[in-house]
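Engineer: quick check, what structure comes out for this input:
(4 chains)
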There are 2 protein chains.
Amino acid sequence: MGCYLKEVISSGIVEPAELVELVNKWFRRATIVMVSKCSISYSGRASSIARESTRLIILKQDGTVLVHESVGSNPLNWQPRSSIVTKKISESEVELRAIRVSPREELVIRVTGRSLVVVVELGDEGLTIYGKEEDIIEELANNPSRIISGATLIAREVSTPYGRVDIMLKDPSGKLVVVEVKRARAEIEAAQQLHRYVEYYRRLGLDVYGVLVAPDISNSTLKYLGDHGLKYVKYSPKGSGAISLL
Amino acid sequence: MGCYLKEVISSGIVEPAELVELVNKWFRRATIVMVSKCSISYSGRASSIARESTRLIILKQDGTVLVHESVGSNPLNWQPRSSIVTKKISESEVELRAIRVSPREELVIRVTGRSLVVVVELGDEGLTIYGKEEDIIEELANNPSRIISGATLIAREVSTPYGRVDIMLKDPSGKLVVVEVKRARAEIEAAQQLHRYVEYYRRLGLDVYGVLVAPDISNSTLKYLGDHGLKYVKYSPKGSGAISLL
DNA sequence: CGTGCCAGGTGCCAT
DNA sequence: ATGGCACTTGGCACG
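Structural biologist: This next block holds a predicted model:
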């Protein structure tokens, strides 16, 4: 029999009583994956009700609870890490209650009938990711002329009461430049972010202007920039899509 | 033997060859849940690499691919619904390749060794949710005096080139009021959104002012409102946390 | 903890 | 398809 996989602690179809036992034994010690017929109530920042249906329920080792249906990237219901899970059993129904303390939120999963339960030790390797905005800022900070010819770097990640400026430059004429960088097409929100920073420095009495740097920009955002004396510089990062997948 | 659950089509630990068979047979016809040792590459809007580790892989009926580790609400890697999955097997390694057409993105999952595979028919019931911004807008549109005493409703969901205005009112003096509603604490972005709409109408020559309605507001956002002649009205929706969970 | 912002954000809707 | 935006957004970094 080749039916063995080290990380799988337990796997099978169980009655409600055994489900409670398994959750008691393994919650926060391993990841519990269940396929169950259940109805769900959520109450917190919003509230929701889901009728009885067969769903995939995941109780992660960090206390995360996820409930998935057959469609969609996002879970139907969830509770974040460090939620507290309590169980209650009553005549062939198991009630799993996941509570988040702040903000106070409660997710109640009522499981009826048998469940397929897999208890497994999953990894926590994480991943390395490339092509984040930070990487582009790094590139541009090392080559300010890519933004404005002859400009020099003054600072990066400058805090203001209204958010953090990505890059501050001094242009060849000595004027300060506030730069907002986007990794993808710039939308209206990016322009207003920039506008906010520029406005802040002007109110401090500084003579600054603003530049939005992005690989692309929407028409209305371009118009917004023009209407507010802001500039757009097109820039596509060198290393986009850097990794070859064999 | 009570070991039966109608929705579970297949469940067990399988060798690579059988994994490929199961995916061939059931992908897009049922949800496939796998526990596998795998390494992952992603390339698209960004790119990422994940070293070999034991992970939970979900292939949903709509083509969604999710890869989870033992921590976190969000998947480590994913591909949205309607992605195309191809399989390749080569000496005890299975390569699952999920491709999204637009934007072009590729997720490659290299599975080594045996996998625990569950094939299951999940539901697609969805849920009803309460306490969304839309519900609050509804409440306020029916009671404009909650925002400004004696005001009357002019319109809801008014489209502008810079976004959709939640509510337009006429105050007792006959002046137009642009209202932006938030379901939670208002942050700086909400204030700027409102500012954008007000600015737009003023450029059209209309005499308008702006009101931000929210249950709470951050200090800097309140300051931003004051600096730009905008107003804040505190409003907590009546039906918040409406559902009792037994 | 508040506040802001990035994210491979996702999903929804309107032009 | 473009664009703006809500979302139980989640997650992080910084004051």
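
Engineer: longest strand in chain A, please.
Structural biologist: In chain A, with assignment by DSSP state E, the single longest strand is strand A:105-120.

Engineer: can that one be found next to chain B?
Structural biologist: Yes. Counting by C-beta under 8 Å from any C-beta of the partner chain, chain B is contacted by strand A:105-120 at A:Glu106, A:Val108, A:Gly113, A:Arg114, A:Ser115, A:Leu116, A:Val118, A:Val120. (Each C-beta comes from the backbone N, C-alpha and C, glycine too.)

Engineer: and stretch A:38-51, end to end?
Structural biologist: Criterion C-alpha to C-alpha, to the nearest Å; first-to-last residue distance in stretch A:38-51 is 8 Å.

Engineer: contacting residues around it?
Structural biologist: A:52-55, A:57, A:67, A:76-77, A:100, A:103-112, B:125-132, B:183-184, B:241-246 (C-beta atoms under 8 Å, 6 or more residues apart in numbering or on different chains).

Engineer: for the longest strand of chain A, buried residues please.
Structural biologist: A:105-111, A:113-120 (16 or more other C-beta atoms under 10 Å in any protein chain shown).

Engineer: before we move on, the earlier item: go through the residues of strand A:105-120 next to chain B and name the one nearest DNA strand C.
Structural biologist: A:Glu106 (17.9 Å; C-beta to the nearest atom of the strand).

Engineer: show the pLDDT at the closest one.
Structural biologist: Per-residue confidence (pLDDT) for A:Glu106: 97.

Engineer: how about the strands in chain A?
Structural biologist: Going by DSSP E, chain A shows strands at A:8-14, A:31-43, A:47-59, A:65-68, A:77-79, A:84-90, A:93-100, A:105-120, A:128-130, A:152-160, A:163-170, A:176-181, A:208-214, A:231-234.

Engineer: now render the ones you listed as a markdown table, adding distance to B:Trp26.
Structural biologist: Below are the strands of chain A laid out as a markdown table (distance: least, C-beta to C-beta, whole Å):
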| stretch | distance to B:Trp26 |
| --- | --- |
| strand A:8-14 | 18 |
| strand A:31-43 | 14 |
| strand A:47-59 | 15 |
| strand A:65-68 | 16 |
| strand A:77-79 | 25 |
| strand A:84-90 | 31 |
| strand A:93-100 | 28 |
| strand A:105-120 | 15 |
| strand A:128-130 | 31 |
| strand A:152-160 | 48 |
| strand A:163-170 | 46 |
| strand A:176-181 | 44 |
| strand A:208-214 | 42 |
| strand A:231-234 | 46 |
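
Engineer: including distance to DNA strand C, could those strands go into TSV?
Structural biologist: Below are these laid out as TSV (distance: least, C-beta to the nearest atom of the strand, whole Å):
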stretch	distance to DNA strand C
strand A:8-14	25
strand A:31-43	17
strand A:47-59	13
strand A:65-68	11
strand A:77-79	13
strand A:84-90	15
strand A:93-100	12
strand A:105-120	14
strand A:128-130	5
strand A:152-160	8
strand A:163-170	2
strand A:176-181	7
strand A:208-214	11
strand A:231-234	16
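
Engineer: hang on, isn't A:Val119 packed against A:Leu22?
Structural biologist: Yes. The criterion here is C-beta atoms under 8 Å, and A:Val119 meets it with A:Leu22 at 6.2 Å.

Engineer: list the contacts for A:Thr31?
Structural biologist: Contacts of A:Thr31 by C-beta under 8 Å, 6+ apart are A:Ile58, A:Leu59, A:Lys60, A:Gln61, A:Val119, A:Val120, A:Glu121, A:Leu122, B:Leu56, B:Ser70.

Engineer: is the longest helix along chain A in proximity to DNA strand D?
Structural biologist: Longest helix in chain A by number of residues (criterion: DSSP state H): helix A:188-203. Yes. Using C-beta under 7 Å from any atom of the strand, helix A:188-203 reaches DNA strand D at A:Ile188, A:Glu189.

Engineer: what angle sits between that helix and strand A:208-214?
Structural biologist: If you take axes from the mean of the first three to the mean of the last three C-alpha atoms, to 10 degrees, helix A:188-203 sits at 160 degrees to strand A:208-214.

Engineer: just how off-centre is helix A:188-203 within its chain?
Structural biologist: 25 Å (C-alpha atoms, centre = their mean, to the nearest Å).

Engineer: before we move on, back to that, let me know the closest of the contacts of A:Thr31 to B:Gln192.
Structural biologist: A:Lys60 (36.4 Å; C-beta to C-beta).
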